[in-house]
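[1] have a look; sequence and predicted model below, questions after that.
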Amino acid sequence: MEKLLEILEDIQPDADYAACTTLIDDGILDSFAILSIVGELEEQFGVEVSPADIIPENFNSAQALWGMIQRLQG
Amino acid sequence: MSFVSTEFLLFVAIAAAGYYLIPKKFQWMWLLLFSYIYYASSGIKFLIFLLFTTFTTYSTAIWIEHVDQQHSDDKKKISKKKRNITIIGLLLNFGMLALLKYINFGIVNINVIFKADLSFPDFLLPLGISFYTFQSMGYLLDVNWGKCKAERNPFRFALFVSFFPQILQGPIGRFDRLAHQLYAEHSFNWERTERALQLILWGFFKKMVLADNAGVFVDTIFGNYQAYPGLSIIAVLLYSVQLYGDFSGGMDVVMGIADLFDITMDENFRRPYFARSITDFWHRWHITLGTWMKDYIFYPLSLSRPMSRFGKFARKQFGKNIGRTLPICIANIVVFLVVGIWHGAAWKFIVYGLYNGLIIAFSGLMAQNYRKWKKSLHINEKSKSWIFFQILRTFLLVNISWFFDRANSVREACGMMKNALIHFNPAELLTIPMGESGTGFTPIGIGIVILASAILFTVSVLQERGICIRSAIAARPLVLRWAIYLFLVFALPVLGQPPSATGGFIYAQF
């Protein structure tokens, strides 16, 4: 989870990833940021993200992202 | 049937009235009937194209689901089969669109490159083909990805493809948001109807009073720019106003008509000229085209195997930051090339697309650097002056793109931009005739454009602050409300350009 937060901070700093649950809905992460994050997740966690996974439910919070990573790894 | 005609208003009135008089379970069939009547009014021979897309999409979607339901342990084989079926559907429909839209462009360029003398009959495009094709192909991809279930009723599916308010110029809808509304049972509601009629009225105001009056000047200047060297800047600003008024006005009419049937369409505009960057602009301008491109081209392309491999290679060569951003930039440029080509078969549209794509790609690559520079220059991103600078800068960049969008060719666009740098003579505007009274009416025309722009600007600022205009008006005293409605109603015939003088909606040609 720490690694994930580091990735998020590096790609799109100045957001409260611990608490925010509207990263997509509030436009904090745009499509460039989303794809950069996906690229890092694939590199660092060895998961394969498909277009169908890129939905607000998976990206609105760091927790949701972590859940997606674990599902894809499982 | 032009939107701006009494027969269309009558058509909508009959459709809406009948909709609430018939038994609710037949409502969607009523909509289907009227959608096909509307489509046939554009030319019965064009129905074949609409039916082609409807039938091919309907059957390939069901075929995909049939394959998906086969009991097989070989998930990869099933996935591959589904993908191949999807490709068949995409090729048939985008192939048809490409053939009809771009064959002349292709032949002209082949003739130039190979010094050949090929020709092809020039035909009219089926109504709304770009819009309904994109909407249908989005559905097909959604079924392939399991995002929605295939519609088994062919007539219900036919309604999704042909729904008449949106067929002319969008918005491009999504099956999971639109379909259930189309098929549901709806009850009449007076407040909703009132709001819908207000929105339609406002849309016609933007189109007929603002856009069409500005359009007289735009058409004249862009049609012969060398005769008006001092008007390049004013021409492109007027085009900014015309294009926005025309398209967003058309969207308001479309959304208002859909609201009459209690169907909510997706938003297509969100005060785009207040955008703070070109990226932001495309989140506010023709929103449904942008999201379509994002979900069906940008993400799939960026996440594809070849792109992932390229990303790994780029990381090794250029480091982490550029490495992970470069594939996204390339995918983005491809998307905007498609956006450009979607507008039409001409080099200027390709330049238009590339211009937007390169700006966004470049800002993506520079994002980390921009953040560093802003920090070291102590720029407060939330300050009013910074935001104002961003809006102005974006407006300038957008207007440069409008030169390529509107001028007759790349060469003319460049010629006009050169003029914009050297000449500025607003007085030339008074030499442009408006209507039958010639140049006598021109100052009044300019006045109308300024007044309507001021009204639109005020409304936009309020909306940007989160104020719902229709609610705000509804809360005012009766006299004020009716003064506003009557002003709009009378503005249309008195201040607006007559429909016969203008060419319909700009985006209806795509």
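    Great, that's in hand. For clarity, every value in this text was computed on a predicted model and none was experimentally measured. Numbers count the residues shown, from 1 in each chain, chains lettered A, B, ... in the order given.
[2] which helix or strand contains the residue sitting nearest the centre point of chain A?
    Chain A has A:Leu65 as the residue nearest its centroid, 4.6 Å off, counting by C-alpha atoms, centre = their mean. Assigned by DSSP states H and E, A:Leu65 belongs to helix A:62-73.
[3] and for B:Asn84?
    helix B:75-114.
[4] C-alpha coordinates for the next helix or strand along the chain from that helix, PDB please?
    Once the chain leaves helix B:75-114, the next helix or strand it forms, by DSSP H and E, is helix B:129-144. Provided in PDB are the C-alpha atoms of helix B:129-144 (Å, rounded to 0.1, in the frame of the first residue of the first chain):
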ATOM      1  CA  ILE B 129     -23.900   8.600 -40.100                       C
ATOM      2  CA  SER B 130     -20.900   9.600 -38.100                       C
ATOM      3  CA  PHE B 131     -23.000   9.900 -34.900                       C
ATOM      4  CA  TYR B 132     -25.100   6.700 -35.200                       C
ATOM      5  CA  THR B 133     -22.100   4.600 -36.300                       C
ATOM      6  CA  PHE B 134     -20.000   5.700 -33.300                       C
ATOM      7  CA  GLN B 135     -22.800   5.100 -30.900                       C
ATOM      8  CA  SER B 136     -23.500   1.700 -32.300                       C
ATOM      9  CA  MET B 137     -19.800   0.700 -32.400                       C
ATOM     10  CA  GLY B 138     -19.500   1.800 -28.800                       C
ATOM     11  CA  TYR B 139     -22.400  -0.500 -27.900                       C
ATOM     12  CA  LEU B 140     -20.700  -3.400 -29.800                       C
ATOM     13  CA  LEU B 141     -17.400  -2.900 -27.900                       C
ATOM     14  CA  ASP B 142     -19.300  -2.600 -24.600                       C
ATOM     15  CA  VAL B 143     -20.900  -6.000 -25.300                       C
ATOM     16  CA  ASN B 144     -17.600  -7.500 -26.200                       C
END
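[5] circling back: show me what contacts the residue nearest to the centre of chain A?
    Applying C-beta atoms under 8 Å, 6 or more residues apart in numbering or on different chains, we find A:Leu65 in contact with A:Leu4, A:Leu8, A:Ile37, A:Leu41, A:Asn58, A:Phe59. No exception for glycine: its C-beta is placed from N, CA and C like everyone else's.
[6] got a pLDDT number for it?
    In this prediction, A:Leu65 carries a pLDDT score of 93.
[7] coming back round to it: buried sites along the helix holding A:Leu65?
    Across helix A:62-73, burial judged by 16 or more other C-beta atoms under 10 Å in any protein chain shown covers A:Ala62, A:Ala64, A:Leu65, A:Trp66, A:Met68, A:Ile69, A:Leu72.
[8] contact partners for B:Gly256?
    B:Ala196, B:Leu197, B:Gln198, B:Leu199, B:Ile200, B:Gly203.
[9] between those, which sits nearest chain A?
    Distance to chain A, by C-beta to the nearest C-beta, is smallest for B:Leu199 among those, at 25.1 Å.
[10] residue numbers of chain A in contact with chain B?
    Counting by C-beta under 8 Å from any C-beta of the partner chain, chain A comes close to chain B at A:13, A:27, A:30-32, A:35-36, A:38-40, A:42-43, A:49-52, A:54.
[11] give me the buried subset of the contacts of B:Gly256.
    B:Ala196, B:Gln198, B:Leu199, B:Ile200, B:Gly203.
[12] now the last one. Nearest residue, chain neighbours left out?
    Excluding the flanking residues, the one nearest B:Gly203 by C-beta to C-beta, 6 or more residues apart in numbering or on different chains is B:Asp252, at 3.0 Å.
[13] next secondary structure element downstream of the helix or strand harbouring the one you found?
    For B:Asp252, the host element (DSSP H and E) is helix B:232-260. With elements assigned by DSSP H and E, the helix or strand that comes after helix B:232-260 is helix B:278-282.
[14] then the biggest helix by length in chain A to CSV, C-alphas only?
    Ranked by residue count under DSSP state H, the longest helix found in chain A is helix A:31-45. Extracted as CSV, the C-alpha positions of helix A:31-45 are listed here (Å, rounded to 0.1, in the frame of the first residue of the first chain):
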residue,chain,number,x,y,z
SER,A,31,-6.7,10.2,-18.3
PHE,A,32,-3.0,10.8,-18.6
ALA,A,33,-2.5,10.4,-14.9
ILE,A,34,-4.7,7.2,-14.9
LEU,A,35,-2.6,5.6,-17.7
SER,A,36,0.7,6.7,-16.0
ILE,A,37,-0.5,5.0,-12.8
VAL,A,38,-1.6,1.9,-14.7
GLY,A,39,1.9,1.8,-16.3
GLU,A,40,3.6,1.9,-12.9
LEU,A,41,1.2,-0.7,-11.4
GLU,A,42,2.0,-3.1,-14.3
GLU,A,43,5.8,-2.4,-13.8
GLN,A,44,5.8,-2.6,-10.0
PHE,A,45,3.1,-5.1,-9.2
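[15] can you point out the buried residues in whichever helix or strand comes after it?
    Once helix A:31-45 ends, the next helix or strand along the chain (criterion: DSSP H and E) is helix A:56-59. Buried residues in helix A:56-59, counted by 16+ other C-beta under 10 Å: A:Asn58, A:Phe59.
[16] which outside residues touch helix A:56-59?
    Contacts for helix A:56-59 (C-beta under 8 Å, 6+ apart): A:Leu23, A:Ile24, A:Asp25, A:Leu29, A:Ile34, A:Ile37, A:Ala64, A:Leu65, A:Gly67, A:Met68.
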